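[1] prediction below, plus the sequence it came from.
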Amino acid sequence: MDYQNQQAWRRIQRFLPPAYRIPEDDQPAEEWWQHRGHRIHLDTYRDPDAQVKVILFHGVGTNGRQLNLILGRPLAKRGFETIAVDMPGYGVTEVAPGASVTFDDWVRIGSDLVDRELARDDRPIVLYGLSAGGAETYHVAALNGRVHGIVGMTFLDQRDRNVAMRTAHDPIVGLGTPALPLIARTPLRRMRVPMRLMSKMYALVNNRAALRVFFKDRTSAGNTVSIAFLDSYMRYQPPIEPADFDVCPVLLTQPAEDRWTPLALSQPLIGPIDKVPVTVVMLEGAGHYPLEQPGLDRMVTTIAEFARDVTAS
C-alpha cells in the first residue's frame with residue numbers, strides 16, 4: 001500500500017484550511033527504505049537547493065502523510081527539504097515478519113535515518129515531532145548527537161507518574177496502569193490493543209467530525225499496538241537525562257487548546273534543560289493535532305525561523 005491509493009488522508013485534509021490541503025499535482029514523493037527487515041516508508045519533498053532538512057516524526061495517533069499536511073509541505077514551500085517517516089506499525093510502513101516493535105526501535109530508526117541523510121549530503125538536520133514524536137526527537141538527538149535543533153508540539157517523559165496518568169485514557173486500563181510492565185513480562189506482550197483505549201485519543205483533534213475520520217484510519221488513530229510497545233514507550237530511558245542534554249536548541253510549539261497534553265506536561269522533560277536554549281511558543285486556537293488558524297500559520301512560521309536560526313553558519 002502507498003498513500004496514492006489511500007483515502008484517509010484525503011478525508012482528513014478536508015478539515016484543514018485550503019492552503020494546507022495537498023493537491024494531486026503536488027503530492028510528496030514516496031520512498032522506501034529497507035531497515036532491519038522493515039520496509040520503511042518516507043514521504044518526502046526533496047529539494048537539492050534547500051539549505052536545511054527537516055525530518056518529521058509522528059506520534060501514536062498519526063502518520064507521516066498527516067504530518068506533511070500540516071507541516072512538511074508548508075515547510076517545503078518555504079525552501080526546506082522535508083522527510084516524514086512512518087515508524088513500524090504506523091502509516092504504510094511494512095513491518096518485518098515476526099518482529100516485535102518497541103519504542104526503542106523507533107528511536108534507533110530515527111537516529112539511523114539521520115545518519116542515512118547525512119551520508120547523502122552534509123546539510124544540517126532539524127527534527128520535528130508531534131505528540132509522542134516530540135519526546136522521540138529528544139531521544140533521537142540524545143542518541144545521535146548530530147542534529148542542529150529539535151521541535152516538539154509536546155515533550156512527554158512518561159516515566160513521570162503525573163504525565164503517565166494524565167495522558168492515559170483512564171487509570172484502570174490506560175497507559176498509566178501499574179499492570180502494564182507486569183503483562184509485558186508474559187507471553188501476552190505480543191497482544192495488540194487499540195491505542196484509542198489506552199490513551200486520550202479522543203482529544204487528538206478538537207473537531208468531532210474529523211475525529212471520526214481519524215478513528216476509522218487503521219494507519220493512525222484507529223491503530224492497534226502491542227503491549228511490548230506500550231511498555232517500552234512508558235519506561236524508555238533516554239541516552240542523556242534532561243539536566244545533561246547539550247546537543248542542540250529546543251523549541252516547544254504548544255497548541256493552546258490541546259486537551260490531551262497541555263503545557264504543564266512537558267515540564268518534567270524540558271524544565272531541567274539548561275545547557276541549551278529552550279523556547280516555548282503557544283499556537284493560538286490550535287488543538288493537539290492542529291486543524292485551526294491562526295495556530296497553524298504560527299507553527300509553520302515559528303519552526304521555519306527556528307530551523308534557519310539554529311543552522312545558520
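    Nice, I can see it.
[2] what secondary structure does R65 sit in?
    helix (DSSP: H, G, I helix; E, B strand; the rest coil).
[3] how close does the closest residue to V247 other than its chain neighbours sit to A168?
    Of all residues not flanking V247 in the chain, A141 sits nearest, at 4.7 Å (Cβ to Cβ, 6 or more residues apart in numbering). No exception for glycine: its C-beta is placed from N, CA and C like everyone else's. Applying Cβ to Cβ, to the nearest Å, the value for A141 to A168 is 26 Å.
[4] same deal with G134?
    17 Å.
[5] do the same with D258
    Using Cβ to Cβ, we find D258 at a distance of 16 Å from A168.
[6] so between the two, which is more surrounded?
    Set D258 next to A168 and count neighbours by other Cβ atoms under 10 Å: D258 wins out with 23 against 20.
[7] thought T167 was touching that one, still the case?
    No - counting by Cβ atoms under 8 Å, D258 does not reach T167; the two are 11.1 Å apart.
[8] quick revisit: tell me the SS of the residue nearest to V247?
    Strictly by three-state DSSP, A141 counts as helix.
[9] and the one 5 residues further on, by the same measure?
    Local secondary structure at R146 is given as coil here, using three-state DSSP.
[10] how near is T44 to P187?
    Taking Cβ to Cβ, one finds T44 at 39 Å from P187.
[11] the more surrounded of these two?
    Per other Cβ under 10 Å, whichever of T44 and P187 has more neighbours is T44, with 21 against 7.
[12] and the helix or strand encompassing the more buried one, what does it pack onto?
    In the assignment (DSSP states H and E), T44 maps to strand 38-45. When contacts are defined as 3 or more Cβ pairs under 8 Å, 6 or more residues apart in numbering; DSSP states H and E, strand 38-45 packs onto strand 29-35, helix 64-67, helix 73-77, strand 81-85.
[13] which parts of stretch 7-21 are buried?
    Within stretch 7-21, the residues that count as buried by 16 or more other Cβ atoms under 10 Å are A8, W9, R11, I12, Q13, F15, L16, Y20.
[14] can you give me the first-to-last residue distance of that stretch?
    End-to-end distance for stretch 7-21, by Cα to Cα, to the nearest Å: 13 Å.
[15] can I get the CA coordinates of the least confident helix or strand in the chain by mean pLDDT in PDB?
    Across the helices and strands of the chain, mean confidence by mean pLDDT, DSSP states H and E is lowest for helix 179-183: a mean of 76. Provided in PDB are the C-alpha atoms of helix 179-183 (Å, rounded to 0.1, in the frame of the first residue of the first chain):
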ATOM      1  CA  ALA A 179      -0.200  -3.700  35.400                       C
ATOM      2  CA  LEU A 180       1.400  -2.800  32.100                       C
ATOM      3  CA  PRO A 181       5.000  -3.800  32.900                       C
ATOM      4  CA  LEU A 182       3.800  -7.000  34.600                       C
ATOM      5  CA  ILE A 183       1.800  -8.000  31.500                       C
END
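[16] which neighbouring elements make contact with that helix?
    Counting contacts by 3+ Cβ pairs under 8 Å, 6+ apart, helix 179-183 packs against helix 227-234.
[17] what sits up against the helix it packs on?
    60, 89, 100-104, 132, 158-159, 164, 175, 180-181, 183-184, 188-193, 198 (Cβ atoms under 8 Å, 6 or more residues apart in numbering).
[18] S199 and R166: what is the separation?
    Taken as Cβ to Cβ, the span from S199 to R166 is 11 Å.
[19] the two: which is more packed in?
    When S199 and R166 are compared on other Cβ under 10 Å, the one with more neighbours turns out to be S199, at 25 against 17.
[20] correct me, but the more buried one touches S131?
    No - taking contacts as Cβ under 8 Å, S199 lies outside contact range of S131: 9.2 Å.
[21] identify the contacts common to those two.
    Common contacts of S199 and S131, defined by Cβ under 8 Å, 6+ apart, comprise V60, G61, W260.
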